[in-house]
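> what's the 3D shape of this:
(chains A and B)
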Amino acid sequence: MTNVTKSRPLSPHLQIYKFVPTMAMSIIHRITGAALYVGTVLVAAWLVAAASGPDYFSWVNWFFGSILGQLILVGYTWALIHHLLGGLRHILWDVGLGYEKHFANRLAIANLVASVVVTLLIWAAVLLFV
Amino acid sequence: MDMRTPLGKVRGLGSARSGTEHFWRVRTTALALVPLLLFYVVFLIMYAGRPYEEVLAALANPFVSVITALTIVASVIHMKLGMEEIIQDYIHSEGLKLSLLVLNTFFSLFVGGFCLFAGLKIAFAG
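As a prediction, this is how the structure comes out:
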């Protein structure tokens, strides 16, 4: 008898489909989510340091103030804003709106552009306040 | 032959052993996190680079403390559920999948526990 499971046809995989922005935004939403997940360690480090006293706090602040720390924080800000805006896009779909393909693609691109712009605005504000 | 009505099957929750709970919790925590995190973004913009005493006093403010605690709880639930979905999508070996699901729960609660304790210590003990 032939192996039934193995002789079943496979559905076509990703590479045969034409690229559309919503595809890219879908995986970026997941990647930014995973990055935010890992980054909670940094949030915990900051809060625990604040609870532990000025010495620990200044040490953690030194790290966040270093070039590496600043790069991580800018990336983290972008991941947060991108994931947040992407989440709102998903809520829109969840209530049954925004499925028209041209609109969905424009919204996906707007999500990416807005996430970069908002990240830059946040960091401009940080630099102005310091 | 299955004699159950469609409603009975739905109540039995089927082979996934859960209904729309996962989906619903992801969305509820997501909605909660929008204002909570926007508050924190503004808070961090205001207090970035400020001296320790000033930051601590701001974090110890009762309103900020409650927002901190709520943000931590909502984030922990949301991140745990999100990572669960990633693991279930990409890991197909049963043993590894179950191990990662357990580790995911532990990691989320571990991070959440530290954050919550730190937040409460600042609020109550300074």
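
> average pLDDT for stretch A:58-68?
Taken as a whole, stretch A:58-68 has a mean pLDDT of 94.

> same question but for stretch A:33-44, I mixed them up
If you average the pLDDT over stretch A:33-44, you get 97.

> from the chain's centre, how far out does that stretch sit?
11 Å (CA atoms, centre = their mean, to the nearest Å).

> do stretch B:47-58 and chain A meet?
Yes. Residues of stretch B:47-58 are located near chain A by CB under 8 Å from any CB of the partner chain, namely B:48-49, B:52-53, B:55-56. Using the backbone N, CA and C atoms, a C-beta is placed for each residue, glycine as well.

> Single out whichever of those residues has the smallest pLDDT.
On pLDDT alone, B:Gly49 ranks lowest of those, at 86.

> Show the contacting residues for A:Phe63.
A:Gly69 (CB atoms under 8 Å, 6 or more residues apart in numbering or on different chains).

> quick one: buried residues of the host helix or strand of it?
Element membership of A:Phe63, judged by DSSP states H and E, is helix A:54-65. Buried residues in helix A:54-65, counted by 16 or more other CB atoms under 10 Å in any protein chain shown: A:56-57, A:60-61, A:64.

> Pick out the most distant pair among the residues you listed.
Maximum pairwise distance in these, criterion CB to CB, is 12.7 Å, between A:Tyr56 and A:Phe64.

> Low-confidence bits of chain A, can you list those?
Confidence mapping of chain A against pLDDT under 70 gives the ranges A:1-4.

> Find the residue at the geometric middle of it.
Taking CA atoms, centre = their mean as the criterion, A:Thr32 is the residue nearest the geometric centre of chain A, at 2.6 Å.

> what helix or strand is that one on?
helix A:21-52.

> After the least confident helix or strand in chain B by mean pLDDT, which helix or strand is next? Please name it.
Here the helix or strand of chain B ranked lowest by mean pLDDT, DSSP states H and E is helix B:6-12, holding a mean of 72. Note on helix B:6-12: by DSSP H and E, the next helix or strand toward the C-terminus is helix B:21-47.

> Could I get the phi/psi values of A:Arg8?
Main-chain dihedrals, A:Arg8, degrees, to the nearest 10: phi -70, psi 140.

> what about it, how many neighbours?
8 (other CB atoms under 10 Å in any protein chain shown).

> now A:Phe103
Residues near A:Phe103, counting by other CB under 10 Å: 11.

> May I see the buried residues of stretch B:61-75?
Across stretch B:61-75, burial judged by 16+ other CB under 10 Å covers B:64-65, B:67-68, B:71-75.

> repeat for stretch B:43-59
B:43-45, B:47-48, B:52, B:55-56, B:59.

> Give me every residue in chain A lying close to chain B.
Residues of chain A lying near chain B (CB under 8 Å from any CB): A:30, A:33-34, A:36-37, A:40-41, A:43-44, A:47-48, A:50-52, A:54, A:57-58, A:61, A:65, A:77, A:80, A:84, A:87-88, A:90-91, A:94, A:122, A:125-126, A:129-130.

> change it to 7 Å
Residues of chain A found near chain B (CB under 7 Å from any CB of the partner chain) are A:30, A:33-34, A:37, A:40-41, A:43-44, A:47-48, A:50-51, A:54, A:57-58, A:80, A:84, A:87, A:91, A:94, A:122, A:125-126, A:129-130.

> just the buried members of those?
Buried members of these, counted by 16+ other CB under 10 Å: A:30, A:33-34, A:37, A:40, A:43-44, A:47-48, A:50-51, A:57, A:80, A:84, A:87, A:122, A:125-126.
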